[in-house]
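[1] Got a predicted structure here, sequence first:
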Amino acid sequence: MKINYNYAFFDEGSKREIRRATLKAIAIPGYQVPFASREMPIARGWGTGGLQLTLSLVGQEDILKVIDQGSDESVNAVNIKRLIALTTGIRVTDQTAEATIMQSRHRIPEIPLQAGQILVLQVPLPEPLRSYEPSEYETKKLHAEQEYSGAWLMLFEQIMNFGAMSTGADHPVLVHGRYVMAPSPIPRFDNPKLNYSPALILLGAGREKKVYAVPPYTRVASLDFEDYPFKAESFQDKFCRLCGARGVFLDEIPDEATGETFYQCNDTSYCLQNLNTKP
């Protein structure tokens with residue numbers, strides 16, 4: 001039996017409500033805007049917030065790219081692409097430069113984003129202050145008063161315990177000099193890509209019912225100290241064993257037979273593109 005859905009799955013009223021929340025988020029960079037998160041045909045925690053943003057914004061002329069931890073072909077990425085394609089009929093692509101709207105979990109693509117593109121990041125926990133303040137009421141007050149000493153203290157404790165800031169991902173950032181924001185669980189390597197990005201970056205948390213944004217060309221600074229500056233993961237002197245790329249985020253792959261460690265591009269489409277352009 002064929003089931004006919006409305007364009008992009010949602011009814012028009014739902015799309016308008018999500019768009020209104022999105023516009024408010026763009027107008028106040030880094031501010032978490034609550035919205036009425038809808039029921040989705042996937043479980044909460046598997047990208048429902050990002051998917052709702054994508055479905056509310058996608059149009060017939062858009063070209064879609066979806067990645068999950070750098071891969072275009074993971075189970076999550078494939079099924080999200082399938083849902084959007086089946087309910088809109090738009091074209092999907094693996095090429096970052098071709099896409100007008102991209103949905104991603106845990107990564108920002110290696111190819112620099114361009115003006116006119118939209119990157120939608122899936123967010124499990126949008127509140128950067130939650131690790132030390134469990135009350136939603138109190139975190140709202142802290143944001144309103146710009147009281148972020150707890151976030152600095154958290155980083156200071158990491159330095160005292162480990163000699164360096166030890167956030168592997170989701171390192172908090174200060175947006176437009178005002179709001180401390182959780183950038184989603186992207187690696188520290190991707191944090192600098194948020195700063196003055198020409199693309200619109202939207203972040204959606206379906207389970208927490210929040211949406212927030214980094215408008216194009218917005219200043220985004222990772223929290224750090226003068227004597228302990230922010231440092232991204234370093235892959236100096238390392239390269240991808242498949243395409244030879246350097247200066248990108250690499251996965252460590254142990255070889256059980258030899259005991260050696262190989263490195264490979266985390267962004268699979270970037271790696272494939274390099275392989276296809278090799279002489």
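    Arrived safely, thanks for sending.

[2] State the helix or strand in which the spatially most central residue of the chain lies.
    Central residue of the chain (Cα atoms, centre = their mean): residue 121, 3.2 Å from the mean position. Assessed by DSSP states H and E, residue 121 sits inside strand 118-122.

[3] quick one: average confidence on that strand?
    Across strand 118-122, pLDDT averages out at 97.

[4] List the contacts of residue 239.
    For residue 239, the contact set (Cβ atoms under 8 Å, 6 or more residues apart in numbering) comprises 245-246, 250, 263. Yep, even glycine has a C-beta here, placed from its N, CA and C like the rest.

[5] can you check residue 266 too?
    Contacts of residue 266 by Cβ under 8 Å, 6+ apart are 69-70, 107, 248-251.

[6] mind running it again at 7 Å?
    Listed by Cβ atoms under 7 Å, 6 or more residues apart in numbering, the contact set of residue 266 reads 70, 107, 249-251.

[7] now, which of the residues you listed sits nearest residue 197?
    The closest of the contacts of residue 266 to residue 197 turns out to be residue 107 (Cβ to Cβ; 14.1 Å).

[8] Quick check: the gap between the closest one and residue 122.
    As for residue 107, its distance to residue 122 is 10 Å (criterion: Cβ to Cβ, to the nearest Å).

[9] again with residue 104
    Taken as Cβ to Cβ, the span from residue 104 to residue 122 is 7 Å.

[10] So between these two, which is more surrounded?
    Between residue 104 and residue 122, residue 122 has the larger neighbour count (other Cβ atoms under 10 Å), namely 27 against 24.

[11] where do the strands sit along the stretch 51-200 of the chain?
    For the stretch 51-200 of the chain, the strands defined by DSSP state E, counting those that start in this stretch cover 63-68, 91-92, 101-105, 118-122, 173-175, 179-181, 200-205.

[12] Buried residues in stretch 89-102, which are they?
    Within stretch 89-102, the residues scored as buried using 16 or more other Cβ atoms under 10 Å are 90, 92-94, 96, 99-102.

[13] for stretch 46-64, same thing?
    46-58, 62-64.

[14] Looking at those residues, which one is closest to residue 150?
    residue 49 (24.5 Å).

[15] Show me what the helix or strand hosting that closest one is packed against.
    Applying DSSP H and E as the criterion places residue 49 in helix 48-57. The contact analysis (3 or more Cβ pairs under 7 Å, 6 or more residues apart in numbering; DSSP states H and E) places helix 48-57 against helix 12-27, helix 75-88, strand 101-105, strand 118-122, strand 200-205.

[16] weakest of the ones you listed in terms of mean pLDDT?
    Least confidently modelled of those is helix 75-88, at a mean of 93 by mean pLDDT.

[17] Any chance you could list what contacts that one?
    Helix 75-88 has contacts (Cβ under 7 Å, 6+ apart) with 5, 7-9, 41, 46-47, 51, 54-55, 58, 64, 66-68, 71, 92, 103, 105.

[18] Measure how it sits relative to helix 48-57, angle-wise.
    20 degrees (axes from the mean of the first three to the mean of the last three Cα atoms, to 10 degrees).
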